[in-house]
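Enquirer: Provide a 3D model corresponding to the input given below.
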Amino acid sequence: MNKPSGFIWYELLTKDLDAAARFYGAVVGWESRDSGTPGMDYRMWSIDGETIGGMMAIPAAAKGMAPMWVGYLNVDDVDASVARIRAAGGATLMPPTDIPGVGRIAMVADPQGASFYVIAPNGEGPSASFAPGRRGHGQWNELHTTDWEAALAFYGAEFGWSKSSIFDMGAMGSYLLFSNGGAPIGGMFNSPVPKPIWLPYFNVEGVDAAKARVEAAGGVVDIGPVQVPDETWIIQGRDPQGAMFALVSAAR
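Expert: Below is the predicted model:
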(Lines give C-alpha, C1' and ligand atoms only; values in the text may rest on other atoms or scores of the structure.)
Protein backbone atom coordinates (compact mmCIF):
# COMPACT_ATOMS: atom_id res chain seq x y z
CA MET A 1 0.00 0.00 0.00
CA ASN A 2 1.10 3.57 -0.61
CA LYS A 3 1.75 5.42 2.62
CA PRO A 4 -0.56 8.45 3.02
CA SER A 5 1.29 11.73 2.40
CA GLY A 6 4.38 9.93 1.11
CA PHE A 7 6.27 10.45 -2.14
CA ILE A 8 4.99 7.96 -4.71
CA TRP A 9 6.23 9.37 -8.06
CA TYR A 10 8.96 11.62 -9.45
CA GLU A 11 8.54 13.64 -12.63
CA LEU A 12 11.03 15.55 -14.74
CA LEU A 13 9.73 18.61 -16.58
CA THR A 14 12.27 19.33 -19.31
CA LYS A 15 12.92 21.01 -22.65
CA ASP A 16 14.33 17.99 -24.51
CA LEU A 17 12.93 14.54 -23.76
CA ASP A 18 15.37 12.64 -25.95
CA ALA A 19 18.41 14.38 -24.45
CA ALA A 20 17.10 13.82 -20.92
CA ALA A 21 16.55 10.13 -21.66
CA ARG A 22 20.15 9.79 -22.83
CA PHE A 23 21.57 11.69 -19.85
CA TYR A 24 19.73 9.89 -17.05
CA GLY A 25 20.09 6.57 -18.80
CA ALA A 26 23.86 7.01 -18.80
CA VAL A 27 24.05 8.46 -15.27
CA VAL A 28 21.46 6.51 -13.25
CA GLY A 29 20.81 3.52 -15.49
CA TRP A 30 17.15 4.24 -16.16
CA GLU A 31 15.32 3.06 -19.23
CA SER A 32 12.81 5.40 -20.85
CA ARG A 33 9.67 4.31 -22.68
CA ASP A 34 6.56 5.97 -24.04
CA SER A 35 3.61 5.78 -21.65
CA GLY A 36 1.06 5.39 -24.43
CA THR A 37 -0.94 8.36 -23.18
CA PRO A 38 -3.15 9.52 -26.07
CA GLY A 39 -2.22 12.94 -27.46
CA MET A 40 0.71 13.41 -25.10
CA ASP A 41 4.40 12.52 -25.15
CA TYR A 42 4.76 11.31 -21.58
CA ARG A 43 7.62 8.90 -20.94
CA MET A 44 8.23 6.54 -18.04
CA TRP A 45 11.48 5.93 -16.17
CA SER A 46 12.20 2.37 -15.06
CA ILE A 47 15.06 0.31 -13.68
CA ASP A 48 15.32 -3.45 -13.13
CA GLY A 49 11.76 -3.80 -14.41
CA GLU A 50 10.21 -1.32 -11.95
CA THR A 51 8.81 2.06 -12.90
CA ILE A 52 9.93 4.91 -10.66
CA GLY A 53 8.82 8.08 -12.45
CA GLY A 54 8.19 9.91 -15.67
CA MET A 55 9.01 12.94 -17.75
CA MET A 56 7.26 15.36 -20.04
CA ALA A 57 8.03 18.55 -21.92
CA ILE A 58 7.38 21.80 -20.06
CA PRO A 59 3.88 22.87 -21.15
CA ALA A 60 3.76 25.83 -23.51
CA ALA A 61 1.34 27.55 -21.13
CA ALA A 62 3.93 27.43 -18.32
CA LYS A 63 5.82 30.44 -19.60
CA GLY A 64 9.15 30.95 -17.89
CA MET A 65 9.19 27.56 -16.12
CA ALA A 66 12.69 26.15 -15.89
CA PRO A 67 13.43 22.42 -16.17
CA MET A 68 12.87 20.80 -12.80
CA TRP A 69 12.10 17.63 -10.88
CA VAL A 70 8.74 17.48 -9.10
CA GLY A 71 7.51 14.92 -6.56
CA TYR A 72 4.00 13.53 -6.14
CA LEU A 73 2.49 13.21 -2.66
CA ASN A 74 -0.22 10.65 -2.05
CA VAL A 75 -3.50 12.03 -0.63
CA ASP A 76 -7.02 10.68 -0.20
CA ASP A 77 -8.86 13.70 -1.67
CA VAL A 78 -7.07 15.97 -4.14
CA ASP A 79 -9.72 18.70 -4.16
CA ALA A 80 -9.82 18.96 -0.38
CA SER A 81 -6.02 18.98 -0.20
CA VAL A 82 -5.77 21.77 -2.79
CA ALA A 83 -8.35 23.84 -0.89
CA ARG A 84 -6.39 23.48 2.36
CA ILE A 85 -3.09 24.30 0.65
CA ARG A 86 -4.56 27.49 -0.81
CA ALA A 87 -6.07 28.45 2.55
CA ALA A 88 -2.63 28.01 4.15
CA GLY A 89 -1.02 30.44 1.69
CA GLY A 90 -0.06 28.04 -1.09
CA ALA A 91 -1.07 28.26 -4.75
CA THR A 92 -2.67 26.11 -7.44
CA LEU A 93 -0.42 25.70 -10.49
CA MET A 94 -2.58 23.08 -12.22
CA PRO A 95 -6.16 22.51 -11.07
CA PRO A 96 -7.41 19.07 -10.02
CA THR A 97 -7.50 16.90 -13.13
CA ASP A 98 -8.47 13.29 -13.77
CA ILE A 99 -5.82 11.30 -15.66
CA PRO A 100 -7.33 8.05 -17.09
CA GLY A 101 -5.69 5.00 -15.61
CA VAL A 102 -3.62 7.09 -13.19
CA GLY A 103 -5.84 9.03 -10.80
CA ARG A 104 -6.74 12.59 -9.91
CA ILE A 105 -3.83 15.04 -9.65
CA ALA A 106 -3.12 18.72 -9.10
CA MET A 107 0.09 20.73 -9.14
CA VAL A 108 0.49 23.17 -6.27
CA ALA A 109 3.10 25.34 -4.58
CA ASP A 110 3.73 25.70 -0.87
CA PRO A 111 3.64 29.18 0.76
CA GLN A 112 7.34 29.69 0.01
CA GLY A 113 6.87 28.73 -3.67
CA ALA A 114 8.19 25.14 -3.93
CA SER A 115 6.17 23.10 -6.45
CA PHE A 116 4.82 19.58 -5.99
CA TYR A 117 1.87 17.44 -7.03
CA VAL A 118 -0.85 15.88 -4.92
CA ILE A 119 -2.38 12.69 -6.27
CA ALA A 120 -5.18 10.32 -5.35
CA PRO A 121 -4.03 7.32 -7.41
CA ASN A 122 -6.23 4.67 -8.94
CA GLY A 123 -5.74 1.15 -7.63
CA GLU A 124 -4.21 -0.23 -4.49
CA GLY A 125 -0.73 -1.32 -5.56
CA PRO A 126 2.36 0.08 -3.83
CA SER A 127 4.71 2.55 -5.49
CA ALA A 128 8.36 1.60 -5.99
CA SER A 129 9.47 5.20 -6.63
CA PHE A 130 10.73 5.93 -3.11
CA ALA A 131 12.69 2.88 -1.99
CA PRO A 132 15.83 3.82 -0.02
CA GLY A 133 18.82 1.59 -0.63
CA ARG A 134 17.69 0.35 -4.04
CA ARG A 135 19.67 1.31 -7.13
CA GLY A 136 17.93 3.93 -9.26
CA HIS A 137 15.10 4.54 -6.80
CA GLY A 138 14.31 7.61 -4.73
CA GLN A 139 16.41 7.74 -1.56
CA TRP A 140 15.78 11.20 -0.06
CA ASN A 141 13.53 14.23 -0.54
CA GLU A 142 15.07 17.62 0.19
CA LEU A 143 13.24 20.94 0.38
CA HIS A 144 15.30 24.01 -0.49
CA THR A 145 13.28 26.85 1.01
CA THR A 146 13.43 30.31 2.54
CA ASP A 147 11.93 29.46 5.94
CA TRP A 148 12.16 25.82 6.97
CA GLU A 149 10.32 26.38 10.24
CA ALA A 150 7.30 27.80 8.39
CA ALA A 151 7.61 25.00 5.83
CA LEU A 152 7.59 22.35 8.56
CA ALA A 153 4.46 23.90 10.04
CA PHE A 154 2.78 23.87 6.61
CA TYR A 155 3.70 20.30 5.68
CA GLY A 156 3.03 19.09 9.21
CA ALA A 157 -0.50 20.51 9.15
CA GLU A 158 -1.32 19.25 5.65
CA PHE A 159 0.54 15.94 5.51
CA GLY A 160 1.27 15.00 9.11
CA TRP A 161 5.05 15.18 8.78
CA SER A 162 7.04 15.70 11.94
CA LYS A 163 10.54 16.68 13.00
CA SER A 164 12.93 13.77 13.32
CA SER A 165 16.16 15.60 14.20
CA ILE A 166 18.12 18.76 13.41
CA PHE A 167 21.74 19.10 12.29
CA ASP A 168 23.77 22.23 12.79
CA MET A 169 25.49 23.12 9.49
CA GLY A 170 27.42 26.05 10.97
CA ALA A 171 27.27 29.12 8.74
CA MET A 172 24.66 27.39 6.55
CA GLY A 173 22.21 27.17 9.46
CA SER A 174 20.07 24.24 10.51
CA TYR A 175 19.12 21.15 8.50
CA LEU A 176 15.87 19.52 9.58
CA LEU A 177 15.17 15.83 9.04
CA PHE A 178 11.44 15.04 8.81
CA SER A 179 9.51 11.80 8.94
CA ASN A 180 6.14 10.50 7.85
CA GLY A 181 5.45 8.27 10.80
CA GLY A 182 8.70 6.28 10.68
CA ALA A 183 12.29 6.72 9.57
CA PRO A 184 13.19 10.11 8.08
CA ILE A 185 12.18 10.49 4.43
CA GLY A 186 13.81 13.84 3.74
CA GLY A 187 15.20 17.11 4.97
CA MET A 188 14.63 20.84 4.63
CA PHE A 189 16.78 23.92 5.12
CA ASN A 190 17.08 27.58 4.18
CA SER A 191 18.85 27.39 0.84
CA PRO A 192 20.57 29.97 -1.37
CA VAL A 193 18.96 28.60 -4.56
CA PRO A 194 17.11 31.29 -6.57
CA LYS A 195 13.69 29.69 -6.06
CA PRO A 196 12.45 27.18 -3.46
CA ILE A 197 12.34 23.66 -4.88
CA TRP A 198 11.99 20.03 -3.91
CA LEU A 199 15.14 18.11 -4.82
CA PRO A 200 14.91 14.30 -5.03
CA TYR A 201 18.00 12.17 -4.43
CA PHE A 202 18.35 8.95 -6.43
CA ASN A 203 20.42 5.99 -5.31
CA VAL A 204 23.52 4.95 -7.24
CA GLU A 205 26.40 2.54 -6.63
CA GLY A 206 29.59 4.53 -6.08
CA VAL A 207 29.42 8.33 -6.03
CA ASP A 208 32.80 8.98 -7.69
CA ALA A 209 31.87 6.88 -10.70
CA ALA A 210 28.48 8.60 -10.82
CA LYS A 211 30.17 12.02 -10.81
CA ALA A 212 32.33 10.96 -13.75
CA ARG A 213 29.23 9.78 -15.65
CA VAL A 214 27.45 13.10 -15.00
CA GLU A 215 30.33 15.10 -16.41
CA ALA A 216 30.90 12.76 -19.36
CA ALA A 217 27.21 13.03 -20.28
CA GLY A 218 27.24 16.85 -20.30
CA GLY A 219 25.92 17.57 -16.81
CA VAL A 220 27.48 19.76 -14.13
CA VAL A 221 28.31 18.75 -10.55
CA ASP A 222 27.88 21.75 -8.26
CA ILE A 223 28.41 20.06 -4.88
CA GLY A 224 30.32 16.94 -3.91
CA PRO A 225 31.19 14.26 -3.48
CA VAL A 226 30.41 15.06 0.16
CA GLN A 227 29.85 12.63 3.02
CA VAL A 228 26.73 13.48 5.02
CA PRO A 229 25.95 12.61 8.67
CA ASP A 230 24.43 9.20 7.89
CA GLU A 231 27.80 8.36 6.26
CA THR A 232 26.43 8.15 2.72
CA TRP A 233 28.01 10.16 -0.08
CA ILE A 234 26.14 12.70 -2.20
CA ILE A 235 26.52 14.93 -5.23
CA GLN A 236 24.22 17.69 -6.42
CA GLY A 237 24.25 19.01 -9.94
CA ARG A 238 22.37 20.09 -13.03
CA ASP A 239 21.49 18.06 -16.09
CA PRO A 240 22.23 19.44 -19.59
CA GLN A 241 18.84 21.22 -19.65
CA GLY A 242 19.50 22.84 -16.27
CA ALA A 243 17.29 20.75 -13.94
CA MET A 244 18.80 20.30 -10.48
CA PHE A 245 19.21 16.68 -9.37
CA ALA A 246 21.05 14.80 -6.65
CA LEU A 247 22.57 11.33 -6.30
CA VAL A 248 23.40 9.38 -3.16
CA SER A 249 25.54 6.30 -2.60
CA ALA A 250 26.53 4.18 0.36
CA ALA A 251 30.05 4.00 -1.07
CA ARG A 252 32.55 6.60 -2.26
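Enquirer: and the end-to-end length of stretch 163-179?
Expert: Using CA to CA, to the nearest Å, the end-to-end distance of stretch 163-179 comes to 6 Å.
Enquirer: I figured residue 65 hits residue 58, correct?
Expert: Yes: using CB atoms under 8 Å as the test, residue 65 is close enough to residue 58 to be in contact (5.1 Å). No exception for glycine: its C-beta is placed from N, CA and C like everyone else's.
Enquirer: shared neighbours of these two, which are they?
Expert: Counting by CB atoms under 8 Å, 6 or more residues apart in numbering, the shared contacts of residue 65 and residue 58 are residue 13.
Enquirer: who's more crowded, those two?
Expert: residue 58 (17 against 13; other CB atoms under 10 Å).
Enquirer: how's this protein carved up into domains?
Expert: As assigned by automatic domain parsing, the chain contains the domains 7-121, 138-249.
Enquirer: For the stretch 1-150 of the chain, just list every one of the strands.
Expert: Using DSSP state E, counting those that start in this stretch, the strands of the stretch 1-150 of the chain run over 7-14, 31-34, 43-47, 50-57, 68-74, 91-99, 103-109, 115-121, 138-145.
Enquirer: Please convert the ones you listed to JSON lines, extending it with mean neighbour count, distance to residue 225 and mean pLDDT.
Expert: Output for the strands of the stretch 1-150 of the chain, formatted as JSON lines (neighbours: other CB atoms under 10 Å; distance: least, CB to CB, whole Å; pLDDT from 0 to 100):
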{"stretch": "strand 7-14", "mean neighbour count": "23", "distance to residue 225": "22", "mean pLDDT": "97"}
{"stretch": "strand 31-34", "mean neighbour count": "14", "distance to residue 225": "26", "mean pLDDT": "96"}
{"stretch": "strand 43-47", "mean neighbour count": "20", "distance to residue 225": "22", "mean pLDDT": "97"}
{"stretch": "strand 50-57", "mean neighbour count": "20", "distance to residue 225": "23", "mean pLDDT": "96"}
{"stretch": "strand 68-74", "mean neighbour count": "22", "distance to residue 225": "20", "mean pLDDT": "97"}
{"stretch": "strand 91-99", "mean neighbour count": "14", "distance to residue 225": "34", "mean pLDDT": "95"}
{"stretch": "strand 103-109", "mean neighbour count": "20", "distance to residue 225": "31", "mean pLDDT": "97"}
{"stretch": "strand 115-121", "mean neighbour count": "22", "distance to residue 225": "27", "mean pLDDT": "97"}
{"stretch": "strand 138-145", "mean neighbour count": "23", "distance to residue 225": "15", "mean pLDDT": "98"}
